[in-house]
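Participant: With the input below, show me the fold.
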Amino acid sequence: MRVPSANSPGIRGRWVCRSPVNAFLMAGALMVGALMAGSIPATAGPASDPHPEAVLAGTDRRIDAIFRAEAGMPLKRAAKHPPLKKNRGPYVRAYSFSIVGFAAKCFYLGEQIDEANAALAENARYYLDNPLAIVDRDSFHWHADVVMRLIELYGTNGSVTPGMITPETESLCLEPIWIYCDRASWPSQVDYKKSQTWSTHCSENHHAMHITVLWHFAKLAKDRDEYMNREYRHGGTPAAYYRDFNEYFRVYCLERARKGFGVEMMSPGYNATMMKAFYNFYDFGEPEVRRAAGNLLDLYFAYWAQEQIDGVSGGGKSRIYFGKGLSPRGESSMSWIYFGIGRFAVGKQPRLNGHDVNPYLSSYRPPAVVADIALDVRGRGQYEIHQRVQGLGRQGHTFPMMDAREKTSTVLRTDGGGILRYTFCDPAFIIGTPMHEPRPLRDWVYISSQNRWHGVIFPGDDLPRIVPIARPADNWEAKNAQWSVQSKGTLIAQKLRSNQGASEMIIWISKEGLSEPREKDGVLFVESDQACAAVRVVGGGYSWGDPNLVSGTPTGRRKIRVGRLVVPEDEYAPVIVEVMSKKEATSFPRFVDLVLANKPQVDSGVVAYTTVYGDELTFDANQKATPTINGRPVDYTPKNVYDSPFLRAEYDSGIVTIRKGQREKLLDFTK
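Facilitator: Got it, this is the predicted structure:
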C-alpha cells in the first residue's frame, strides 16, 4: 500500500490508511488525542461540542461511519427510467449514482474489489450501448466526475491504493467520457475573456458539472497513449483543453468572488450539485487551480453558514420547487459531515449516496472561522446580510442534450445583477428575500427567476416556517412570481403580474413547531418557542385554504408537507410578514400590541407602513416604483458584493474577508 506524500491530495485523515482495522485504530487515536487535549468531552458527540477545531477534527470520523455502515453490503442498483421526454436518452442518474457509491465504498473499505470493478464496467457498457444517455443533461455528467475521482485515487496510478481499479476497467470507464467530451467540447467554451465565465451551458449546476468533466478528462487523457493525440471533433487536443480550462476555472472562481455567488440562490440541492464538482479541482488540480477551488469552497461555506439554523439555510432563494420550499428535508448532508449539525445530528446519519462521494473522499475541510460561524448561532447575535446576485441576462435555449452549440447558451449581464439578497438573522429566526425591481420575465435568466423563495425559518426539530408565495399552478414551478421589500424582521411581498405559471397568492404556515394562529383586528399571530410572528393581508380579507390545494405535483411522485394555508381574497394584495424574538418583544402580548399599533396606509396603490422595528417602508402595489426604506429607494447595486459581520467584499474586488471574533481568513482570488 502506498501512502500519499505530504503534498498529495488526500493526505488528511482516512486516506492515509485503507484497511478497516487501521482506519478504526486511526479514528480511535484521533479521538483519544482530542480527549487528552481536552477538546472533546468523553460523553459528547460532535453536535454538542462548541469548539470549531474539535468539531472539524470529527469530520473523518463521521465520514468513516457513513462508509462503514455499508460494509459487506452487496450492490443494490437503483432503477433505470425511460427518457424524460421524446428524443432523449434514458433517465439513469440514480442508477449510475448507485454504481459509483457502491464502488467508492468497496475501494474505501478494501472489500469486494472484483464486484466494484464489475459494477463500474457494467455502468460504462450501459452508456456505450445507449449513446443518447451520454449527452443527456440529466444522467451522465452527474456521475462522470466521481468515476474520474475513483480513477485518481484507486486506478493504475492511484494516489491512495493504486491498482484497485484494473487497467481494463479504467480504460472502459474512460470510453463514454471521451464520447461526452468529444461531442460537448468546443474551443470557445474556454474563452473567458469574452464571457468572463458568465455564459452558462444549460443551468448553473449543469455548467459546473460540465466544465469539471471536460477539465478532468483532459487532465487524464493528455497523458494516456490512447487519447493524448486525439483531436476533438470541434478542434483542440486534451493537453490544450487542460491548459485552457485551468485558466478558465481560476477566472470562474474570481468572478464569483467579484460579482456574487449563486445565480441559483441558496438552492440547497442545486448548490450541493454545483459544489460537488469543484472538489475535483481542489484535490487534483495544479497549485493555482487548487488554491482557487479552496477559496471558492471556503466562500460557499461561509456564505451558507451565516444564514443557517440547525443546518438549514434561510434567506432568499431561487430554483426551490414548491414542495421543497415548505420542508427542510432537501438540505445537503454536508452540514453534518463538516459541522455535526442538521437533521442528521438528531436522527440517523446520512446514507452513502453516489452524489456525495467527491466531498466524502476529499481532503478539503472548511476553515475554523467558518465552523465557528456555523456552530455558534446564539453567539452570532442579531445582524443583517446584504449580497448582490447576478440574475439579469439573455436566456438561452434550455437544451436537454449537452452537445448543443454555444450559440444557445444563457448569457448573464456583468454590469449588475439586479438582485439584492437581504437576510435578517436572529438566534430565534431567519427571514430573508431576494429584492429586485418588478421587471418583466424576459429580463431575467430562468435559473434566477424560477421558483424564487422568501420567508421565515425558525429553529426546532421540524424547522417550522412561514412562506408567502405565489403558488405555482402545477405545484411545481413558476417564474418571476413575486417581488418584495424587507427591513429587519418585516417583509412585504406581492404576486407579480408579469409572472409565468403562478396561481393564487398564499401564505403557508407550518403546523409543527408553531402555535395555532390567532386573529385579532384582521391580523394573524403565531409563536414559536423563541419568536413571535404576524401575517397581515393589506387592504383585503382572506380565507383558510384547503390543504389539498397543495397536495400534488405534475408527476405525483413527491409529497408536499401539510400546513396551514392563508389565501388573500385579492391575489395581488400585498402581504406583510413580521417576526421578532420573544427576547426583544419581551412578551407575545406586547408583540401583538406593537403590530396592531401600526396600520398600513394605502394611497393610490402605494402602501406606507411603519414596522415593529420602527422602520418606514413604502411599497408600490402598482408594481412601478422602487420600494423605499426610511425614505431611501432600495439600492440593488450596493458597494459591497458581500456585506455582513462575518463575510465582506467590495463589488468587483476579488478580495473576501471571513471573520468571527478573533478568527479571520482572507481569500485572495486575484492571484
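
Participant: going forward, measure contacts between C-alpha atoms and count neighbours the same way
Facilitator: Fine.

Participant: Next one, pLDDT for the spatially most central residue of the chain please.
Facilitator: Taking Cα atoms, centre = their mean, the centroid of the chain lies closest to residue 271, which sits 2.5 Å from it. pLDDT for residue 271: 95.

Participant: from here on, count from 12
Facilitator: Yes, from this point I'll number from 12; that puts the last item at residue 282.

Participant: Can I take it that it is in a helix?
Facilitator: Yes: Residue 282: assigned to a helix according to DSSP: H, G, I helix; E, B strand; the rest coil.

Participant: How about the contacts made by it?
Facilitator: 216, 273, 275 (Cα atoms under 8 Å, 6 or more residues apart in numbering).

Participant: how does it look with 7 Å?
Facilitator: residue 216 (Cα atoms under 7 Å, 6 or more residues apart in numbering).

Participant: now the one 10 residues further on
Facilitator: When contacts are counted by Cα under 7 Å, 6+ apart, residue 292 touches 300, 301, 304.

Participant: Any figure for the gap between the closest residue in space to residue 206 that isn't next to it in sequence and residue 488?
Facilitator: Among residues not flanking residue 206 along the chain, residue 422 sits closest, at 7.8 Å (Cα to Cα, 6 or more residues apart in numbering). Using Cα to Cα, to the nearest Å, we find residue 422 at a distance of 22 Å from residue 488.

Participant: Could you list the low-pLDDT ranges of the stretch 312-461 of the chain?
Facilitator: 340-341, 356-358, 415-418 (pLDDT under 70).

Participant: sorry, back to before: dump the residue contacts of the residue nearest to residue 206.
Facilitator: 209, 210, 211, 404, 405, 406.

Participant: Around residue 646, how many other residues sit close by?
Facilitator: 16 (other Cα atoms under 10 Å).

Participant: Distance check, it against residue 447.
Facilitator: For residue 646 relative to residue 447 (Cα to Cα), the value is 9 Å.

Participant: Then residue 138?
Facilitator: 43 Å.

Participant: Looking at those two now, which is surrounded by more residues?
Facilitator: residue 138 (24 against 21).

Participant: Assign a three-state SS to that one, would you?
Facilitator: helix.

Participant: wait, isn't it in contact with residue 144?
Facilitator: Yes: contact criterion Cα atoms under 7 Å: residue 138 and residue 144 qualify, at 6.2 Å.

Participant: Common neighbours of the two, please.
Facilitator: Contacts common to residue 138 and residue 144, judged by Cα under 7 Å, 6+ apart, are absent.

Participant: show me what contacts residue 533?
Facilitator: With Cα under 7 Å, 6+ apart, residue 533 has no contacts at all.

Participant: if I look at it, how far off is residue 554?
Facilitator: Residue 533 is 11 Å from residue 554, by Cα to Cα.

Participant: Could you export whichever strand or helix holds residue 347 as CSV, CA atoms only?
Facilitator: Secondary structure assigned from DSSP states H and E places residue 347 in helix 345-350. The C-alpha trace of helix 345-350 is given here as CSV (Å, rounded to 0.1, in the frame of the first residue of the first chain):
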residue,chain,number,x,y,z
MET,A,345,-22.5,18.5,4.3
SER,A,346,-23.8,20.3,7.4
TRP,A,347,-23.5,17.1,9.4
ILE,A,348,-20.2,15.9,7.7
TYR,A,349,-18.3,19.1,8.5
PHE,A,350,-20.1,20.7,11.4
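
Participant: which residues are contacting that helix?
Facilitator: In contact with helix 345-350 (Cα under 7 Å, 6+ apart) are residues 66, 67, 70, 73, 74, 322, 352, 353, 355, 356, 382.

Participant: Just the buried residues of stretch 426-434, please?
Facilitator: 427, 428, 429, 430, 431, 432, 433, 434 (16 or more other Cα atoms under 10 Å).

Participant: Surely residue 245 is in contact with residue 199?
Facilitator: No: counting by Cα under 7 Å, residue 245 sits too far from residue 199 to count as a contact (9.8 Å).

Participant: May I have the secondary structure class of residue 159?
Facilitator: helix.

Participant: Count the residues that sit near it.
Facilitator: 21.

Participant: And for residue 359?
Facilitator: 8.

Participant: how far away is it from residue 86?
Facilitator: 21 Å.

Participant: just residue 215 next, same as before
Facilitator: Taking Cα to Cα, one finds residue 215 at 32 Å from residue 86.

Participant: Walk me through the domains of the protein.
Facilitator: Using automatic domain parsing, the domain ranges for the chain come out as 12-85, 86-195.

Participant: As TSV, the ones you listed with distance to residue 326 would be great.
Facilitator: Shown next, in TSV, are the domains of the chain (distance: least, Cα to Cα, whole Å):
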stretch	distance to residue 326
domain 12-85	23
domain 86-195	27
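
Participant: Would you single out the least confident of those domains?
Facilitator: domain 12-85 (a mean of 55).

Participant: The nearest residue to residue 539 once chain neighbours are set aside: neighbour count?
Facilitator: Of all residues not flanking residue 539 in the chain, residue 525 sits nearest, at 4.8 Å (Cα to Cα, 6+ apart). Residue 525: 22 surrounding residues under other Cα under 10 Å.

Participant: swap in residue 551?
Facilitator: 13.

Participant: With the one 5 residues further on instead?
Facilitator: When neighbours are defined as other Cα under 10 Å, residue 556 has 17 of them.

Participant: for residue 397, phi and psi?
Facilitator: phi -120, psi 130 (degrees, to the nearest 10).

Participant: Which elements pack onto the longest helix along the chain?
Facilitator: Counting by DSSP state H, the longest helix found in the chain is helix 249-270. Packing partners of helix 249-270 (3 or more Cα pairs under 7 Å, 6 or more residues apart in numbering; DSSP states H and E): helix 215-232, helix 298-316.

Participant: Please identify the most buried of the ones you listed.
Facilitator: Comparing the helices and strands packed on helix 249-270 by mean neighbour count (mean count of other Cα atoms under 10 Å), helix 215-232 ranks first with a mean of 23.

Participant: surely residue 665 meets residue 681?
Facilitator: Yes: shown here, residue 665 and residue 681 form a contact pair, counting by Cα under 7 Å, at 5.9 Å.

Participant: Show me the common contact partners of the two, please.
Facilitator: With Cα under 7 Å, 6+ apart, residue 665 and residue 681 have common neighbours residue 265.

Participant: With neighbour numbers in mind, choose between the two.
Facilitator: Higher neighbour count among residue 665 and residue 681: residue 665, with 20 against 15, using other Cα under 10 Å.

Participant: Report the distance from stretch 648-655 to the chain centre.
Facilitator: 20 Å (Cα atoms, centre = their mean, to the nearest Å).
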